[in-house]
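Undergrad: just the structure for this:
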Amino acid sequence: MKNAIAILGLLFFTATTRISFAAEPAASRPNIVIIFTDDQGYADVGKFGAEGFTTPNLDRMADEGAVFRNFHVAQPVCSASRCALLTGCYPNRVGIHGALGPKTKVGISDHEVTLAQMLKQQGYATAMFGKWHLGDSPQFMPLRHGFDEYFGLPMSCDYWPGHPDLITNFPPNIAAIKREYPNLPIYDGEKKFREEMSIDDLNHLTTWYAERAVKFIEQNKSHPFFLYVAHSMPHVPLGVSEKFRGKSVRGLYGDVIEEIDWSVGQILDALKRTGLDQNTWVIFTSDNGPWLCYGNHAGSAKPLREGKGTTWEGGTREPCIMRWPGKIPAGTDPTDMLMTIDLFPTIAKLVGADLPKSKIDGLDVWPIISRQPGAKNPHASYDFYYGVNELQAVTSGDGRWKLQLPHGYQTLAGKSGGRDGVPAPYSQRKIVTAELYDLVHDIGETTDVSAQHPDIVKQLEGEVEKARADLGDSLTKHPGAGRREPGRLNQSNSEN
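TA: Numbering: from 1, shown residues only. Presented below is the predicted three-dimensional model:
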């Protein structure tokens, strides 16, 4: 009898504990907001040296939070970069390479746990507004991967046959594009909001995403939420609403950035208005560097070398601002290196969630973000892949040393980019032998110092061999033992 009473008591305690957790006030668990722009350059924010336009809301966010000038994406291209953010994995670990095209037969696998799924398991409401680009078939779309709400585009606007720059400048290409991908729909959940986007829709995207984000915040103010706003801009073709058109001296590109800044202000104001300001971690960054060949329709990576599509700093180092009053010290400007893969495990630790059973590559960096005394980056190194599993560069975990490995890359070679939506051609260059750069004293990667620091080269070459054994390297014919398959169209991935 005593045992029975004890068991009943334990069951009652367990049940009430669960009820207590479910009813736990939202203030005990932070809301997470990630604002992720597309192709925005390192110098395209006021605090990072913007010229020809202003970003008052981002600058205010920086004054009230922290500026991270050594924040990187895992790969300098759309799909791979987004995959790393949402899974905490190097994208080539989970089979995502480059930018997935229309009607792709691969996408994010059901076997991978996304940030949205992890937070949803912790009782969070989840929403994504903007560009997805991890597979455009139903099984790959956001609502199948942890998001309660979704509104946006399945991929980049340049896959759209109504792309105004293509119509104006490359009319012979339109027929081929329409055969490959006859339209670019806008989705609301799993239903099509538009069968095909129009130019008017293109100009409304940034405003629509902001409006949806504000509404989601207002509707979920009583419990924790994860909001992922993945802007389609400033990726070409550029679109901007009438309220910002012609506003900046930089032209259309500056107008687009000023509207993105406005949208950030809308989100920050909504958080303050709903009383959530003090308990929300807001992160702003971009998916890769500027697409420099587009010239006046592209951003700036100054003072960094190159841009999108390269593993030079201009391709992977992004403007990053984080704000969480009372948790992230205001007005700080740390130099520590961080990467998007680190956000998943850091957020998991903060909300008390378990990490996925499958290996992820990110590590908890909250001590760095919150400026705890003596905090150091826990990574021995970071790996930079591009193309189809090409290991192109490795940096030391502290971000000082970068070893550029032999590989080919694109460059404008000092020439100007194109104008008004017409890209200029890239030249191709090759690194023949490994080159070492001291990023503390040479952020622009101008001087190879490998001869002066053979010990650092040897140390980083050891990290290279670890990466090749785990993730492989197509340049040196290493298969990699730790790679996993992506999701495949019509393949059942239901076993988790």
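Undergrad: let me know how buried Thr114 is, in neighbour terms.
TA: 25 (other C-beta atoms under 10 Å). C-beta here means a position set from N, CA and C on the backbone, and glycine is covered the same way.
Undergrad: test my guess that it contacts Ala84.
TA: No - Thr114 lies out of contact with Ala84 (C-beta atoms under 8 Å); the separation is 11.4 Å.
Undergrad: do a quick rundown of the helices in the stretch 301-450 of the chain.
TA: Under the criterion DSSP state H, counting those that start in this stretch, the stretch 301-450 of the chain contains helices at 313-316, 343-351, 366-369.
Undergrad: so which of those helices is the most surrounded?
TA: Ranked by average neighbour count under the criterion mean count of other C-beta atoms under 10 Å, the helices of the stretch 301-450 of the chain are headed by helix 313-316 at a mean of 29.
Undergrad: centre of the chain to that helix, how far?
TA: If you compare the mean C-alpha spot of helix 313-316 with that of the full chain, they lie 13 Å apart, counting by C-alpha atoms, centre = their mean, to the nearest Å.
Undergrad: find the nearest non-adjacent residue to Glu313, please.
TA: Leu304 (4.1 Å; C-beta to C-beta, 6 or more residues apart in numbering).
Undergrad: over to Leu475?
TA: Closest to Leu475 by C-beta to C-beta, 6+ apart is Glu390, at 5.0 Å.
Undergrad: could you double-check that that neighbour lies in contact with Leu471?
TA: No - in this structure, Glu390 sits apart from Leu471 without contact. The criterion is C-beta under 8 Å, and the distance is 10.9 Å.
Undergrad: and the helices in the stretch 51-200 of the chain?
TA: Taking DSSP H, counting those that start in this stretch as the criterion, the stretch 51-200 of the chain carries its helices at 56-63, 78-87, 115-120, 164-169, 171-180, 199-219.
Undergrad: in the fourth one, what counts as buried?
TA: Think helix 164-169. Judged by neighbour count using 16 or more other C-beta atoms under 10 Å, the buried positions of helix 164-169 are Pro164, Asp165, Leu166.
Undergrad: now render the residues you listed as JSON lines, adding distance to Pro290 and pLDDT.
TA: Output for the buried residues of helix 164-169, formatted as JSON lines (distance: C-beta to C-beta, whole Å; pLDDT from 0 to 100):
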{"residue": "Pro164", "distance to Pro290": "20", "pLDDT": "79"}
{"residue": "Asp165", "distance to Pro290": "16", "pLDDT": "78"}
{"residue": "Leu166", "distance to Pro290": "20", "pLDDT": "72"}
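Undergrad: the residue nearest to Glu313: neighbour count?
TA: Using other C-beta under 10 Å as the criterion, Leu304 is surrounded by 22 other residues.
Undergrad: swap in Pro329?
TA: 14.
Undergrad: just give the nearest non-adjacent residue to Gln40, would you?
TA: Closest residue to Gln40 in three dimensions, ignoring its sequence neighbours and counting by C-beta to C-beta, 6+ apart: Ser286, at 3.9 Å.
Undergrad: now Gly152, which residues is it bridged with?
TA: In this entry, Gly152 is beta-bridged to Tyr187, by DSSP bridges.
Undergrad: ok, it - contacts?
TA: Met128, Phe129, Gly130, Lys131, Trp132, Ile186, Tyr187, Leu205, Tyr209, Ala230, Ser232 (C-beta atoms under 8 Å, 6 or more residues apart in numbering).
Undergrad: ok, so of the residues you listed, who is nearest Val449?
TA: When the contacts of Gly152 are compared for distance to Val449 (C-beta to C-beta), Ala230 comes out closest, at 37.5 Å.
Undergrad: count the residues that sit near the closest residue to that closest one other than its chain neighbours.
TA: Sequence neighbours aside, Gly130 is the residue nearest to Ala230 in space, at 3.4 Å (criterion: C-beta to C-beta, 6+ apart). Residue neighbour count, defined by other C-beta under 10 Å, stands at 26 for Gly130.
Undergrad: kindly report the same for Ala230.
TA: By other C-beta under 10 Å, the residues close to Ala230 number 24.
Undergrad: doesn't Val33 make contact with it?
TA: No - using C-beta under 8 Å, Ala230 is not in contact with Val33, being 11.9 Å away.
Undergrad: confirm that Ile257 sits in a strand.
TA: No - secondary structure of Ile257 (DSSP: H, G, I helix; E, B strand; the rest coil): helix, not part of a strand.
Undergrad: residues contacting the closest residue to it other than its chain neighbours?
TA: In space, Ile257 comes closest to Phe53 once its chain neighbours are excluded; the distance is 5.3 Å by C-beta to C-beta, 6+ apart. Remark: with contacts taken as C-beta under 8 Å, 6+ apart, Phe53 is in contact with Ser248, Val249, Arg250, Tyr253, Gly254, Asp255, Ile257, Glu258.
Undergrad: dump those to JSON lines, plus distance to Lys191.
TA: Below are the contacts of Phe53 laid out as JSON lines (distance: C-beta to C-beta, whole Å):
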{"residue": "Ser248", "distance to Lys191": "36"}
{"residue": "Val249", "distance to Lys191": "41"}
{"residue": "Arg250", "distance to Lys191": "37"}
{"residue": "Tyr253", "distance to Lys191": "33"}
{"residue": "Gly254", "distance to Lys191": "35"}
{"residue": "Asp255", "distance to Lys191": "31"}
{"residue": "Ile257", "distance to Lys191": "31"}
{"residue": "Glu258", "distance to Lys191": "32"}
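Undergrad: ranking those residues by neighbours, who comes first?
TA: When these are compared by neighbour count (other C-beta under 10 Å), Ile257 ends up highest, at 30 neighbours.
Undergrad: can you tell me how far the most centrally placed residue in the chain is from Gly399?
TA: In the chain, the residue lying closest to the centroid (C-alpha atoms, centre = their mean) is Asp287, at 4.2 Å. Using C-beta to C-beta, to the nearest Å, one gets 20 Å for the distance from Asp287 to Gly399.
Undergrad: cool, and Thr285?
TA: 16 Å.
Undergrad: which is the next helix or strand following the helix or strand bottoming out on mean pLDDT in the chain?
TA: Within the chain, confidence by mean pLDDT, DSSP states H and E is lowest for helix 2-22 among all helices and strands, at a mean of 35. Toward the C-terminal end, the helix or strand that comes next after helix 2-22 (DSSP states H and E) is strand 31-37.
Undergrad: follow-up on the earlier one: hmm, the residue nearest to Glu313 is touching Thr310, no?
TA: No - counting by C-beta under 8 Å, Thr310 is not a contact partner of Leu304; they are 10.2 Å apart.
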